[in-house]
Structures are given as structure tokens and as C-alpha cells.
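Asks: Quick one, structure for this:
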Amino acid sequence: MRGIISCVIAVSLFAGSSAWAVAGDDDKDARSNEKSSSSAESKPSETAKPGSNPGKPAAANPAIESEVRQLRQLVQEQAERLRGLQQRLADVEGEVAAGKSATTNAASSATGAAEQPTTPAESAGSTAQPPAEPSPAATQEEDKNQGKKPSPLYFEIGKARFSPGGFVDLTSFTRSTNLGSGIATAFQSLPFNNTPAGRLSETHFSAQYSRLSLKVDAPVTDATSLTGYVEADFLGFQPANAFITSNSNSLRMRVYWANVKHGNWEVLGGQEWSLLTPNRVGLSPYTPDVFYTFNEDPNFQVGLIWARQAQFRVIYHATPKLAVGLSLENPQQFAPASVVFPATTFLTQFDNGSNATNTPSASTNTAVPNLHPDVIVKVAYDTELGHRPFHVEVAGLIRSFKVFNTLITPNRTDTITGGGGSINLNLQLIRNLTLIANSFYSDGGGRYNEGLGPDAIVKPNGSLSAVHSGSGLAGLEWQASRRYMFDAYYGAAYFERNFGLFPTPGSTCNGRAGFSCVGFGFPGSANTTNRAIQEATFDVIPTLWSSENYGKFQVITQYSYLVRSPWSTLTIPPTPKNAHLSMVYAGIRYILP
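Replies: Got it, this is the predicted structure:
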């Protein structure tokens, strides 16, 4: 386009210059004739013809005057055409410069070295005006478009920003004993090797751990923002033919909450990870900021304190490094089947640990009375030690339990208050090597322990008594390279015995005739009464392919060794002292960007 315009201008200039030259020669001839005529007028002709008037000028030639007028008109037309071509060239150069400006702005934002291009009209000394500068509104809109996240899954509706996420997961898991709990390990139910299940192994494939998520961010004002987040997997209700024909795994809500942030304050409502669950950073509610290990096992690791439950949470960010939170969370009085009550009237007043919604015992989940929400307070501090990231947090738990005592007259209710506390930290020891250390001790916080110990028992007189429990987890996480992640964890949970003697003719408890034992962990209790559960885990996670715009492809391998130790093994036939289990997970996972 530019070449064509330049050729037209050159031809026009050549034609114009020729016209000007012809016009100049004609004017010269005219001036020469006029000069000769003037000389004739000023000096009488010496050879004047008879009858002529020597004082009158000679008549002009009409043909020459007509030719001069035509040449002048032609020159004027060529000049007007040249000005039109120059204006057109200026307009085209303005459009080209505007297009280059957008490209140059994008490049300058990355390199910081933008340079204004020189137009051909400027290099030729043209009088055309330079293109107008873009308006501030147009520049702001262009910068906004340049700053958008490049992910193909990112989109906006109005002012709300939608960010889909999740992963597709195919997992194989093999256990040395037939635990029978599916992809999620039931740590409290390891079978002994003198049982049929303990002498058989199991192998399964499952896609249940695949996950879907959606985060929506919406600015309300300059100081207020609203965030909504939903996350689900397929570990919900298990149909009877799950591993036979249809394999219809059910969608399950993991977390679903809305969070309003105004200045230094945050208010969250919905189902979310318990505030008692350790964080990797601050008091952030986002799943990636919560510590639940990198294990492929959906029940994670023994020793981890966690729950996902309905709650109302308030967070105050005192400084960029210090945050304080208060959470009111759904309570649930818990006592597994290993707890013996002095009367059947207490059975429905506690959750008995049903883990399947299609069993009769599941009805007790919603029938359990609760006095008030669990109250959790947490303080988190993020700083650096030796220029390495360091996160430490301290949390406290307050719980209350209430039952209706039918063993005394008149009948009355009995209430106790329990609680617990935890200290958790993670520290980057050297580059990409992080130390994890979590601890928890409680008087009535058994259900928060991985392994599900009892919260409380009912004494022989019908009153309540909390059960002491504690847990801990230590680990190392090493991002050896962009492609390889290694981690190792060790965790343990402990539940203290708590029992009493209930008058029962013909029975014996702990060597006392005429009494039966009630409570948890007494001599002769079922071998499901767990004293301690321990697990050691090692993970290797290679990333086979990764892209910022299209996600990544990983292989997740996990090996774990578990030991379950009951309070009593006095059974016939004798029960081994411990139950052992080895398991291997191997998962192929595609993670959305």
C-alpha cells in the first residue's frame, strides 16, 4: 500500500514539475513579448508603416493567452490532487502507527523499552500532522486486556471473575489386607492377621477422587470484595453395584462457602475446612493454603487434625504477617461402637461413627443432640527465619456435651465442657525443603483426630466424662526440581482409656466380680478399642508435563505402613498384639490450569 502511494506521489510530482516548467517557459515568452512590446511603445519605430499609430501597443496573441490559462488550470488541479494524496498518506500512516502502538505497548510492558516508530511522511519532511494520542480511557482498557490471566478457562461475567479448576484422577490402590473401606483408608479398622480379611489382600481402580472447583471473585467497592468457592469430588453415596456394572460414583460437596473481605476483616459462611485444620500460610480458607499432605489417600494421614463442616468464621488481619480468627462450627458428640454405655438410652445421644449413608446406623447422625457450636480460636504468624519462610499457628478448641441421664431418679440432664489446643508450624530449612510439625491434645476432641476416637463416655452413674486424646504429625516436603516432588510423613494418634464399674450380678470387670465394665479401653474390651494408631508414608510425585495455560500431568505414588494397637487383645482365640497393613497408591492426574 505504501509503495503504491509513493509511486502515485512521484508521478504527480513529476507531472506537476513538468507543468510548472512549461508554465515558466510560457510566462518567459509572454514576458519577452511584453518586453518587446513595451520597447516598441517607449521607442517609436523608425520604420513605421504609413497609416499606423505609433503610440498604440500591438494587439496580444489570443492563442498564446488561451494556452497559458489552460496550463495554469492544469497546475492548480495537480497541486490540489497532490494535497489530497498527502492527506490520504497522513491518514494511512496514522492507522499504521496506531496499530504499531498497540503492539509496541504490549512489547514495552514486557521489555520496558518501547520506541516510537518514525513514519515515512516524517522521514520525507511531510507537513502531515502526526496521529492523535489515544485517550486515557482507551489506554486503560488496553492495559486491562493486557493484564488478563492467559488461562483459557478464565472468563468474566460483568465484574465477576470466574476461575474453574480441579483435576481428573485415576487411582489404583493395593492393600496387604482386605480393609474394605474403598479408596479412603479407614485407619481405625485395620483387620488382624488371624481373621479372613487379614489374610487376604485387595486391589481396586477408582476415579472417585477426581475433583471439580469454581472460584468467583467480585469487587463490591474499592475496600470490599466478595469471593465464592465450591469444590466437589465423587466420594459420596456408594451404590450397591459400585464395582460391578454402572460404577455410578456420586458427587459430594467438599467445601462451599462465601467470603466477604473488607479492609482488614474477613467474614466467611458455609462448609469449609475446620479452622482447627493446619494452614500452610496465614488463615486462608483456600484448599491449596490448607495443610492436608500430598498423599493420594483421601483420608490423608494419621496424626492430622482435620474436618470439613458448616461454620461461621471471622478473621482479623492485624498486620500483613499476623492474623486472628474465630470460628463457630457444627458440633457432633461422637462415641464409636467400641464405647460401652451403662444403658441403651444413651446410644442415640452420640454419633456412633457411621461412615455409610445406606446403613441403619446412619440415622443416628442427624439424631444427635448438641448443646452449642464448637468454638475454635486461632492465631497465625508468617515471617522469615534466616530468609526462609516460616509459618506458626496456635489454636484452641472449646466443646460442650450434654446427655439425658435415665439412671437416677428423678431423671435429669448432665453437661460437661471439654477443650483442646494445637501448635503447628512449617519452616523451609533449605531451598525447597520444608519441615512440617503439627501437634494436638484435647479433653473431649477425639473426633478431630484422624482415626476417630471417642469424645466422651457415660459413667456408671449416668454422668459424662471426657476422653483424653492427642496426636502429632511430622514430615519433610522436598521439591527436588520442577519435575520431581518427594515427601515423607510420620503421624500417630493416641486415645486414653476411661471406664468404670457398673453393678451387674454374675459379671466380672478387671478382676471385680459382680460388676461389668462400661466406658472405653477397659480390660477385656473389644479389639476395636484403639489405644494408638501410627502411619509412616513416603510419596514420589513426578510431573510429566506442565503448561501455565493448559495445566499439568502428574503421577502420584504413595507407600504407607500402618500399625493399629488396641487396649485389649484378651479374646478367644487370642488376638495379635497389633494389626499391620501396607498399602500402595498409584494415581494418574491431569490438573486443570
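Asks: switch to C-alpha atoms for all contacts and neighbour counts from now on
Replies: Fine.
Asks: What is the least confident helix or strand in this protein?
Replies: helix 120-123 (a mean of 35; mean pLDDT, DSSP states H and E).
Asks: Return the set of residues that bridge with Val377.
Replies: Bridge pairing for Val377 (DSSP bridges) gives the partners Leu326, Gly396.
Asks: Any idea how many residues pack against it?
Replies: Per other Cα atoms under 10 Å, the neighbour tally for Val377 reads 20.
Asks: Quick check, it in contact with Gly396.
Replies: Yes. Between Val377 and Gly396 there is a contact under Cα atoms under 8 Å: 5.2 Å.
Asks: how about the helices in the stretch 251-400 of the chain?
Replies: 363-367 (DSSP state H, counting those that start in this stretch).
Asks: repeat for the stretch 51-200 of the chain
Replies: 62-111, 120-123, 136-146.
Asks: what's the least confident stretch among these?
Replies: Ranked on mean pLDDT, the bottom entry among the helices of the stretch 51-200 of the chain is helix 120-123, at a mean of 35.
Asks: mind listing what's buried in the host helix or strand of Glu231?
Replies: Assigned by DSSP states H and E, Glu231 belongs to strand 224-233. For strand 224-233, a neighbour-count test (16 or more other Cα atoms under 10 Å) marks 225-233 as buried.
Asks: ok, now stretch 292-311?
Replies: Result for stretch 292-311 [16+ other Cα under 10 Å]: buried residues 292-297, 299-311.
Asks: Pro576 reaches Phe192, doesn't it?
Replies: Yes. Contact criterion Cα under 8 Å: Pro576 and Phe192 qualify, at 6.9 Å.
Asks: if you count what's nearby, which of those two comes out ahead?
Replies: Phe192 (20 against 17).
Asks: who's in contact with that one?
Replies: By Cα atoms under 8 Å, 6 or more residues apart in numbering, Phe192 lies in contact with 198, 575-576, 578-580.
Asks: ok, which pair from those is furthest apart?
Replies: Farthest pair in the contacts of Phe192 (Cα to Cα) is Thr575 and His580. Separation: 12.6 Å.
Asks: The two - which one has more neighbours?
Replies: The neighbour comparison of Thr575 against His580 (other Cα under 10 Å) goes to His580, with 20 against 17.
Asks: Could I get the pLDDT score of that one?
Replies: For His580, the model assigns a pLDDT of 96.
Asks: what's the nearest residue to it if we skip its chain neighbours?
Replies: Val563 (4.8 Å; Cα to Cα, 6 or more residues apart in numbering).
Asks: Now do the buried residues in the helix or strand containing that neighbour.
Replies: Assigned by DSSP H and E, Val563 belongs to strand 551-566. Applying a neighbour-count criterion of 16+ other Cα under 10 Å, one finds 552-566 buried in strand 551-566.
Asks: Check which helices and strands the one helix or strand Leu501 maps to sits against.
Replies: If you go by DSSP H and E, Leu501 is part of strand 498-509. Judged by 3 or more Cα pairs under 8 Å, 6 or more residues apart in numbering; DSSP states H and E, strand 498-509 is in contact with strand 512-520.
Asks: what sits up against the strand it packs on?
Replies: With Cα under 8 Å, 6+ apart, strand 512-520 has contacts from 338-342, 457-460, 497-510, 529.
Asks: what angle sits between that strand and strand 498-509?
Replies: 150 degrees (axes from the mean of the first three to the mean of the last three Cα atoms, to 10 degrees).
Asks: All further residue positions should be reported with the first residue as 313.
Replies: Sure, I'll start numbering at 313, so the last one becomes strand 824-832.
Asks: could you dump strand 824-832 to CSV, C-alpha only?
Replies: The C-alpha trace of strand 824-832 is given here as CSV (Å, rounded to 0.1, in the frame of the first residue of the first chain):
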residue,chain,number,x,y,z
ARG,A,824,-14.0,-57.4,90.3
ALA,A,825,-16.9,-59.9,90.5
GLY,A,826,-20.4,-58.6,90.4
PHE,A,827,-19.5,-55.7,88.1
SER,A,828,-19.4,-55.1,84.4
CYS,A,829,-17.2,-52.5,82.7
VAL,A,830,-18.6,-49.5,80.9
GLY,A,831,-16.7,-46.8,79.1
PHE,A,832,-13.6,-47.1,76.8
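Asks: how far out from the middle of the chain is whichever strand or helix holds Ala805?
Replies: Taking DSSP H and E as the definition, Ala805 sits inside strand 796-807. Chain-centre distance of strand 796-807: 24 Å, with Cα atoms, centre = their mean, to the nearest Å.
Asks: Could you list the buried residues of stretch 785-800?
Replies: Those would be 785-790, 797-800, for stretch 785-800 by 16+ other Cα under 10 Å.
Asks: Check stretch 767-786 too.
Replies: Those buried within stretch 767-786 under the rule 16+ other Cα under 10 Å are 767-772, 774-786.
Asks: and the spatially closest residue to Asn571 that is not a sequence neighbour, what are its bridge partners?
Replies: Of all residues not flanking Asn571 in the chain, Leu580 sits nearest, at 4.3 Å (Cα to Cα, 6+ apart). Note on Leu580: beta-bridge partners by DSSP bridges are Asn571, Arg625.
Asks: and Leu580, how many residues sit next to it?
Replies: 21.
Asks: For it, give me its contacts.
Replies: 569-572, 623-626.
Asks: Kindly report the same for Arg566.
Replies: Counting by Cα under 8 Å, 6+ apart, Arg566 touches 542-545, 583-584, 620.
Asks: Pretty sure Leu526 sits against Phe474.
Replies: Yes. At 7.0 Å, Leu526 and Phe474 qualify as touching, with contact defined as Cα under 8 Å.
Asks: which of the two has more neighbours?
Replies: Phe474 (18 against 15).
Asks: isn't that one right next to Thr539, touching?
Replies: No. Counting by Cα under 8 Å, Phe474 does not reach Thr539; the two are 10.0 Å apart.
Asks: what is in contact with these two at once?
Replies: 527-529.
Asks: Whichever of these end up buried, select them in PyMOL.
Replies: Only the buried members of the shared contacts of Phe474 and Thr539 end up in this PyMOL selection, burial being decided by 16+ other Cα under 10 Å:
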select buried, resi 527+528+529
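Asks: Low-confidence stretches in the stretch 613-762 of the chain?
Replies: Along the stretch 613-762 of the chain, the model assigns pLDDT under 70 to residues 666-676.
Asks: what about the strands in it?
Replies: 620-629, 634-641, 686-697, 700-717, 724-742, 745-755 (DSSP state E, counting those that start in this stretch).
Asks: Which other helices and strands does the last one contact?
Replies: Just to be clear, that refers to strand 745-755. Using 3+ Cα pairs under 8 Å, 6+ apart: strand 745-755 touches strand 724-742, strand 780-791.
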